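> requesting a structural model of the entry that follows:
(one chain, ligands or ions: 2)
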Amino acid sequence: MPKRPDYISWDEYFMGVALLSAMRSKDPSTQVGACIVSPEKRIVGVGYNGFPSGCNDDDLPWEREGAFLETKYPFVCHAELNAILNSSGNLKGSSLYVALFPCNECAKAIIQAGIVEIVYLSDKYADTDAVKASKRMFGQAQVRLRQITPSGKRLVIELKV
Ligand SMILES: O=c1[nH]c(=O)n([C@H]2C[C@H](O)[C@@H](COP(=O)(O)O)O2)cc1CO
Ligand SMILES: [Zn+2]
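Ligands and ions are numbered 1, 2, ... in the order given. Here you go, the predicted model:
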């Protein structure tokens, strides 16, 4: 019997894990997930954006606007950083799959962790200084950047067997 033809690709699998992880995010406006993959194509870390563990989700603000301390920005831990911190072992030579292009703060952690490739879907904050700084560092550190063209393909998971 020939092998099943409609299996998902590596890129679809790892971006799918990143997008599934994003569904755990409680951020009402932007849910981001990240999946770190070793050179041997093993998943070595996953994460999504959220407040640090032990910090009460219901006490901290999810606001985007207003006084800095009344917004989520000083408190939220980005998906990429969570994936690095949640990872097991050495990340040298690994790839990071993430729905949204990483900011400069995550870029520093990504580079220092030894991640060599970013695979992303959206670059919706390309015009921001954070993303400009991020690309400058990735360029100098020779981190490869690869945007997956959104195919619109639906990966459906039904919770049944
Ligand atoms: O790369 C990222 N990773 C990541 O986890 N985030 C998170 C932080 C916030 O919870 C949310 C961005 O919120 P907003 O789009 O409302 O500004 O996404 C944001 C970025 C973009 O810099
Ligand atoms: Zn970030």
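
> what residue lies at the spatial centre of this structure?
Geometric centre of the chain, nearest residue: residue 34, 2.7 Å, by C-alpha atoms, centre = their mean.

> surely it and residue 82 touch.
Yes. Counting by C-beta atoms under 8 Å, residue 34 does reach residue 82; the two are 7.2 Å apart. From N, CA and C alone the C-beta is placed, and that goes for glycine too.

> which neighbours do those two share?
Residues touching both residue 34 and residue 82 (C-beta atoms under 8 Å, 6 or more residues apart in numbering) are 47-48.

> related to what we said a few turns ago, tell me the SS of the residue nearest to the centre of the chain?
strand (DSSP: H, G, I helix; E, B strand; the rest coil).

> can you tell me the number of residues neighbouring residue 106?
Here the number of neighbours of residue 106 (other C-beta atoms under 10 Å) works out to 26.

> quick one: residues contacting it.
So residue 106 contacts 78, 80-81, 134 (C-beta under 8 Å, 6+ apart).

> I'd like the distance between it and ligand 2.
3 Å (C-beta to the ion, to the nearest Å).

> among the contacts of residue 106, which are within reach of ligand 2?
Among these, the residues within reach of ligand 2 (C-beta under 5 Å from the ion) are residue 78.

> let me know the closest of the contacts of residue 106 to ligand 2.
Ligand 2 has its nearest neighbour among the contacts of residue 106 in residue 78, at 3.4 Å by C-beta to the ion.
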